[in-house]
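S.K.: Could you work out the structure for the sequence below:
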Amino acid sequence: MKIRYFFVLAVAMLWAFDASAQESSAVKPYDLEEAYAVYSVLLPLEESSGFAKGTLVIQQDTVSERLSEECLTAEAANNYKDAIADYMRVNSETWLLQRKFQVTAPYELVRVETILTFFRKNGGGWDGFYKRYPKSGGFVILSAVGFNKDKSKAIVYTGSSCGGLCGRWSFHLLEKVGGKWKETGGVACFTES
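M.R.: Below you'll find the model as predicted:
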């Protein structure tokens, strides 16, 4: 009976691992043009962009950061409630960013698995990362963008990692004014190292 239990448990674990591997390989491309207009406003403001003297590294896999109530002012939460609902929906899965950023700096999209290899045992850490991506200023992470129904308001999570105690991560609220995206106030929290 014990052997059968362990066999069933082992098969179940292998099945779960295989399912998650298939799930990660079936990541869909993120092709929403308006999202790249939002990213293109924020990318030059990222800490890694400021440090980059060469090619900027952008993690190709989107990240999903949970939005807590205390991260937005009450007024912003109310004004952006449709965009927030869309943010939660669209970030329930991981997407693959595409080469659609409208920025002047050269950039490279790098899968999360590649980035993580530098920070695993014997991966070289930041020294290994910067050896492979010299003058990159680290790397940038982006969530998928949440929009209100008429795509005039947006919420997105971005971050930069540039070394042991170097980085900044935050939500951003944007509004489309005169056909251009502009960052607005209302974000009450960010993380910096």
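S.K.: Using the three-state scheme, assign the spatially most central residue of the chain.
M.R.: In the chain, the C-alpha nearest the mean C-alpha coordinate belongs to Leu142, at 2.5 Å (C-alpha atoms, centre = their mean). Judged by DSSP: H, G, I helix; E, B strand; the rest coil, the three-state class of Leu142 is strand.
S.K.: and the gap between it and Asn79?
M.R.: Using C-beta to C-beta, to the nearest Å, Leu142 is found at 22 Å from Asn79. Any C-beta I mention is one placed from the backbone N, CA and C, and that applies to glycine too.
S.K.: confidence score at the residue nearest to the centre of the chain?
M.R.: According to the prediction, Leu142 has pLDDT 98.
S.K.: now the closest residue to it other than its chain neighbours: how far from Ile84?
M.R.: Among residues not flanking Leu142 along the chain, Thr158 sits closest, at 5.4 Å (C-beta to C-beta, 6 or more residues apart in numbering). Between Thr158 and Ile84 the distance is 16 Å, computed by C-beta to C-beta.
S.K.: quick one, strands of this structure?
M.R.: Here the chain has its strands, by DSSP state E, at 28-30, 56-59, 95-97, 107-110, 139-142, 146-147, 153-163, 166-177, 180-184, 190-192.
S.K.: ok, residues contacting the first one?
M.R.: When contacts are defined by C-beta atoms under 8 Å, 6 or more residues apart in numbering, strand 28-30 is touched by residues Thr62, Glu93, Trp95, Leu96, Leu97, Gln98, Ala144.
S.K.: What remains of those residues if I keep only buried residues?
M.R.: Thr62, Trp95, Leu97, Ala144 (16 or more other C-beta atoms under 10 Å).
S.K.: neighbours around Lys81, how many?
M.R.: Neighbours of Lys81 under the rule other C-beta atoms under 10 Å: 13.
S.K.: what's the answer for the one 5 residues further on, then?
M.R.: Burial measure for Asp86: 21 neighbouring residues, criterion other C-beta under 10 Å.
S.K.: ditto for Phe101
M.R.: 17.
S.K.: That one and Ser40 touch, don't they?
M.R.: Yes: here Phe101 reaches Ser40: they are 5.5 Å apart, a contact under C-beta atoms under 8 Å.
S.K.: List the residues that contact Pro44.
M.R.: Contacts of Pro44 (C-beta under 8 Å, 6+ apart): Val103, Ala105.
S.K.: at 10 Å instead, please
M.R.: Neighbour list for Pro44: Gly50, Leu56, Val103, Thr104, Ala105 [criterion: C-beta atoms under 10 Å, 6 or more residues apart in numbering].
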